[in-house]
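>>> Quick check, what structure comes out for this input:
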Amino acid sequence: MEWLELTIDSASEGIGLLEAALTLNGFDSFVIDDEAEFHTFLETNRDYWDIVDEDLEKSLNGVSRIRLYLEDRPEAMEDVSRLRELLSGLLEAYPEAGLGSLRLSLANVKDEDWENNWKQYYQPIPIGQRLLVVPKWMEPDRSENRIPVLLDPGMIFGTGAHASTQMCMLRLEALICGGEEVLDLGSGSGILSITALRLGAAHATGVDVDPKAEDVARQNAAINGLGPDRFTAVTGNVITGQAALEPLFSKTYDVICMNIFADVIIPMAAVLPRFMTENTRLICSGVLETRYDEVRAAIEAAGLRITGVQTMNDWCCFTAEKGE
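Here you go, the predicted model:
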């Protein structure tokens, strides 16, 4: 099979925003080459590396880019045009986000082992005091007495490496006591739902607009021994598709997770109180510090009270509850 390799030149400062925007718009088969993320990854996981490939390190010197892969078919050029419009819109909407040039280049590649090459970049990631995110193709190290969260990222947003995901996991570690009902909005790979369940939640429902995410999340739950009695994956939009998601709106939840980004969180905020009681805790992440004021205003306008804010690598995570 022939593939189109689409390379987007970016900058380290804005690559997280670019990654989130691509995923939200259905471009979820990509590889990130970024010098800053690579060195952060090495520093964070130094205990898990015996040898660092110096050639790989040199190849990433000064590099920040995302490579997407599309099947080389006539319809692919429609996706290329859609991608060009998305990149142009991002530059216009976020002029201060440090996105880089977002120059797009195309190349043809053979059906080689590119689908598995990206796995070399994933190593176990310790998070907080109790959690360890482990790629499914590796054996979890039990020596640290951490709770393993097994994951096959499938190139879908939510691998545990991103700051916004880690902050959500840290909040779940603090909030899950056992027996909770959890709602995970924008569930992606299902990592937050699985984390909550591994920490002792009774049931989690993951919702994503991308039907591919539903399949990946369900598979990741199964890897962790979590069946449909513990985890439910749903495709839908809680803003525009409420009729189709009626079972979702017929109940309330103890913990709600949102790891999306500001342009989705802001309109979704008004819907959140329907899922909440006075005891519900909301974890809202994926927010760049530059969008802090807008997101906080939207959450408070929905009648919710901010109870905590965490920051990591230019990203924010809010904790909120129903206001008095």
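>>> Can you tell me what sits against the helix or strand hosting L192?
Assigned by DSSP states H and E, L192 falls within helix 191-198. Helix 191-198 is contacted from outside by 131, 133, 147-151, 158-160, 165, 168-169, 172-173, 176, 180, 182, 184, 187, 203-206, 217, 220-221, 224, 226, 230-231, 255, 257, 259, using C-beta atoms under 8 Å, 6 or more residues apart in numbering. (Each C-beta comes from the backbone N, C-alpha and C, glycine too.)
>>> what angle sits between the next helix or strand after that helix and helix 191-198?
Note on helix 191-198: by DSSP H and E, the next helix or strand toward the C-terminus is strand 203-208. Strand 203-208 runs at 180 degrees relative to helix 191-198, counting by axes from the mean of the first three to the mean of the last three C-alpha atoms, to 10 degrees.
>>> for strand 203-208, what is the average pLDDT?
Taken as a whole, strand 203-208 has a mean pLDDT of 95.
>>> quick one: it to chain centroid distance?
Its chain's C-alpha centre and that of strand 203-208 lie 14 Å apart, by C-alpha atoms, centre = their mean, to the nearest Å.
>>> Over to stretch 11-26?
With C-alpha atoms, centre = their mean, you get 10 Å for stretch 11-26.
>>> Can you give me the buried ones in it?
Buried residues in stretch 11-26, counted by 16 or more other C-beta atoms under 10 Å: 11-12, 14-25.
>>> Then stretch 225-236?
Under 16+ other C-beta under 10 Å, the buried positions of stretch 225-236 are 226, 230-236.
>>> how long is it end to end?
Stretch 225-236 has an end-to-end distance of 25 Å (C-alpha to C-alpha, to the nearest Å).
>>> Rounded mean pLDDT for that stretch, please.
Stretch 225-236 shows a mean pLDDT of 94.
>>> Give me the contacts around it.
When contacts are defined by C-beta under 8 Å, 6+ apart, stretch 225-236 is touched by residues 187, 190, 193-194, 197, 202-211, 213-215, 217-218, 221, 244-245, 248.
>>> can you check stretch 239-255 too?
Against stretch 239-255 from outside (C-beta under 8 Å, 6+ apart): 172, 175-176, 180-183, 196, 201, 205, 207, 234, 236-238, 267-268, 271, 274-277, 279-283.
>>> same thing but at 6 Å, please
By C-beta atoms under 6 Å, 6 or more residues apart in numbering, the surrounding residues in contact with stretch 239-255 are 175, 180-183, 236, 267-268, 274-275, 277, 280-281.
>>> Closest one to G303 out of those residues, please.
The nearest member of the contacts of stretch 239-255 to G303, counting by C-beta to C-beta, is R274 at 11.0 Å.
>>> quick one: contacts for that closest one?
Shown in contact with R274 (C-beta under 6 Å, 6+ apart): F249.
>>> redo that, cut-off 10 Å
By C-beta atoms under 10 Å, 6 or more residues apart in numbering, the contact list for R274 reads 238, 242, 248-250, 252, 302.
>>> Narrow the contacts of stretch 225-236 to just the buried residues.
187, 190, 193-194, 197, 203-210, 213-214, 217-218, 221, 245, 248.
>>> Need the pLDDT of E300.
pLDDT recorded at E300 is 96.
>>> what about it, distance to V271?
15 Å (C-beta to C-beta, to the nearest Å).
>>> What of A201?
Relative to V271, and taking C-beta to C-beta, A201 is found at 22 Å.
>>> Please identify which of these two sits among more neighbours.
Set A201 next to V271 and count neighbours by other C-beta atoms under 10 Å: A201 wins out with 24 against 14.
>>> For the nearest residue to that one once chain neighbours are set aside, list the residues it contacts.
Nearest non-adjacent residue to A201, counting by C-beta to C-beta, 6 or more residues apart in numbering: E180, 4.3 Å away. Counting by C-beta under 10 Å, 6+ apart, E180 makes contact with 172, 196-197, 199-204, 253-255, 280-281.
>>> returning to that earlier point: what's the most distant pair in the buried residues of stretch 11-26?
The span of the buried residues of stretch 11-26, defined through C-beta to C-beta, is set by S12 and N25 at 21.4 Å.
>>> Tell me which helix or strand the nearest residue in space to Y94 that is not next to it in sequence sits in.
Once flanking residues are discounted, Y94 sits nearest to L17: 6.5 Å by C-beta to C-beta, 6+ apart. Using DSSP H and E, L17 sits in helix 15-24.
>>> what's the next secondary structure element after that helix?
Taking DSSP H and E, what comes next after helix 15-24 is strand 30-34.
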